[in-house]
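A.B. asks: Pasting a predicted model and its sequence here:
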Amino acid sequence: MKKLTLSFITLALAGVSNAAFADTLRMECPISPGGKEYCKYVKDRFEKQTSNKLEFIEFPAASDEKLALLQQLFAAKDEKAVDLFQSDTIWVGLLDKQTLDLTDAVGDMKGDFFPGPWANDTVNGKVKAVPAYLDTGVLYYRKDLLEKYNEQPPKTWEELTRIATKIQEEERKAGHKNFWGMIFQGKSYEGLTCNALEWIDSYGGGTFIDEKGNVTVNNPKAAAALDMVAGWMGKITPKGALGYKEEESRAVFQNGDALFMRNWPYAYLLSQGADSPLKGKVGVAPLPAGPDGKSANALGGWQWSVNANTKNKDAAIALLKILTDADSQKMQLKYLGFAPTRSALYEDKAVLETAPHLTMFKDIFANAVPRPATATKSQYPRVSNAIFNVTFKVLNGSSDGKTAVADLQKRLERVKGKDWH
C-alpha cells in the first residue's frame, strides 16, 4: 500500500521574530501555480493581525489520496498535523464528525455567500465549512455557428435538442462529417452523477435525496429526464461520449467538432487560449431548463474546514475569517484563478478587471445545486456509485427511465438502511 504523507512548506517572512508568536497553526497551502505566493500573503496578514505563527503543508494532488490521508490523521486524533484544510464539496457531510462546528463563529456571514455552496456546507443545521472557491456545471456553445444559422442560446432542453439536430445536419452537409450537436461527461464516474443531477432536477425530479434524507428519485419527471438524454445518444451525442470525462469532452469541443458542451468553468479560459481554434467563438450560459422552466447546475468547488481536534480553536477561526474575506478572495483570484464565493465580488470593479469572464458565471453560480453529499454523510460514495451506474445503463440503452429510477430508489434505500451515517 502506498504510504501517504504530508509535505511541509517553508515560506520566509522577513522581519518577524518567532519568539513573538503565541501559537503555531498549520494550514493547507494550495499546490496550484501561484499557491506559494497566495499563502505568503495569508501568512503575512495572519501573523500581523494575531500573535500567532502560521506554517503550511501540502496534501497529495489526487483528491482520493488527500481524503485518505485526512482520514488517517483524524483516526490518529493528530491535532498537530493540520488546523485548516480544504474539503471537496462532497466531503462536508462525510467529515462531519472530524470538523469543527463553525455556526457561532461564522453563521452571520451566510448572506455574503452564494446560497448553494453555503447550504452544501451546513450539516443538520450546523455550519461545518465556509466556501473557498466555486465550480458549477455550465453550457458552452459556438457563438459563430448559432449566428450563422440564426439561432439563440437555448433556454430549454427541448430548444437545445432542436438546434443541435438542425446545425449538426447542416454542418455535416457542408462536409464536417464528425460534427456533433451536444457532448457531456457520459463515463460511469462522479461526473455522470453531476450530469444526472442537472438533467433530473431541471425536469422537477428532485435531487435523488432531499435535505431531510428522504430518497425521492422514483418519480415520472426523473424518468422523463433520463429518457430525454437517452434519446440523444447516437443522434446528437456520439456513443463514444459513454467514455468521456471532462478532458475528453473539452478536446472534442475545442477541436471544433461539437456545437454544445456541458463542462465546468475551467474550460472557458482554455478555449480562449492563443492556440485554441475556438478563440473568440465560445459563449457560456446556464444549463437549459426542463419543461417547468427550471435550470439546474451542479455545484462543485472546495471549502475551508477546521480540524475538530485543533488545539488553537480561536486562532483557527481568526485564520478562517481572513481566508474567506473579500480581500483574500481577490488575492486568491489573482494568484490562483479561483472563482470567489462571495456574491458581491461579482460586481467589484477590481475583480472584473482581473477576470471579466466572471460576469458570465454570476447567475450560474447563484443557482448551483449541491449533490446529496451533505445529507448522506459517509455513505455518499455508495450513493454516487449507484446514481452513475444506473444512469449509465439508460444511456447505453440497457434500461429506460422508468425502470432506472425505480431501481435507483431501491438501491439508495438499501444504502441508507435505517438512516444515513
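C.D. replies: Received, thanks. Numbering: from 1, shown residues only.

A.B. asks: going forward, measure contacts between C-alpha atoms and count neighbours the same way
C.D. replies: Noted.

A.B. asks: which residues of this protein score low on pLDDT?
C.D. replies: For the chain, applying pLDDT under 70 flags the ranges 1-21.

A.B. asks: go with 50
C.D. replies: 1, 12-19 (pLDDT under 50).

A.B. asks: Please parse it into its domains.
C.D. replies: 7-136+299-369, 138-298+379-416 (automatic domain parsing).

A.B. asks: Which residue ranges of this structure form strands?
C.D. replies: All strands of the chain, identified by DSSP state E, fall at 7-9, 24-28, 53-58, 84-88, 122-123, 126-127, 130-136, 138-142, 180-183, 258-263, 282-285, 297-306, 368-369.

A.B. asks: Go through those strands and name the closest to residue 327.
C.D. replies: strand 130-136 (12.7 Å; Cα to Cα).

A.B. asks: I'd like to know which elements the closest one is packed against.
C.D. replies: Strand 130-136 sits against helix 115-120, strand 297-306, helix 362-366, with contacts defined as 3 or more Cα pairs under 8 Å, 6 or more residues apart in numbering; DSSP states H and E.

A.B. asks: so of these, which one's packed in deepest?
C.D. replies: Highest mean neighbour count among these (mean count of other Cα atoms under 10 Å): strand 297-306, with a mean of 25.

A.B. asks: For it, report the contacting residues that lie outside it.
C.D. replies: 83-89, 99-100, 116-117, 121, 128-138, 194-195, 197-198, 286-287, 316-317, 320, 364-365, 367-371 (Cα atoms under 8 Å, 6 or more residues apart in numbering).

A.B. asks: center of this protein - which residue?
C.D. replies: residue 300 (1.0 Å; Cα atoms, centre = their mean).

A.B. asks: separation between that residue and residue 201?
C.D. replies: Distance, residue 300 to residue 201, by Cα to Cα, to the nearest Å: 16 Å.

A.B. asks: what does residue 128 give?
C.D. replies: Taking Cα to Cα, one finds residue 128 at 25 Å from residue 201.

A.B. asks: who's more crowded, the two?
C.D. replies: residue 128 (28 against 24; other Cα atoms under 10 Å).

A.B. asks: Next up, the contacts around that one.
C.D. replies: Contacts of residue 128 (Cα under 8 Å, 6+ apart): 92, 96, 99-103, 121-122, 305.

A.B. asks: what does residue 85 give?
C.D. replies: Here residue 85 is in contact with 27-28, 304-307 (Cα under 8 Å, 6+ apart).

A.B. asks: Spatially, which two of the contacts of residue 128 are the most separated?
C.D. replies: Using Cα to Cα, the two most remote members of the contacts of residue 128 are 92 and 103, lying 14.1 Å apart.

A.B. asks: ok, these two, which is more surrounded?
C.D. replies: Here residue 92 and residue 103 are compared on neighbour count by other Cα under 10 Å; more neighbours surround residue 92, at 28 against 16.

A.B. asks: Test my guess that that one contacts residue 129.
C.D. replies: Yes: if you go by Cα atoms under 8 Å, residue 92 and residue 129 touch, sitting 7.1 Å apart.

A.B. asks: so how many other residues sit close to residue 420?
C.D. replies: 16.

A.B. asks: hang on, isn't it packed against residue 374?
C.D. replies: No: Residue 420 is beyond contact range of residue 374, at 10.0 Å (criterion: Cα under 8 Å).

A.B. asks: Can you tell me what sits against stretch 265-278?
C.D. replies: Contacts for stretch 265-278 (Cα under 8 Å, 6+ apart): 135-138, 250, 254-256, 279-280, 282, 284, 361.

A.B. asks: Among these, which one sits closest to residue 52?
C.D. replies: For these, the closest approach to residue 52 (Cα to Cα) belongs to residue 135, at 32.3 Å.
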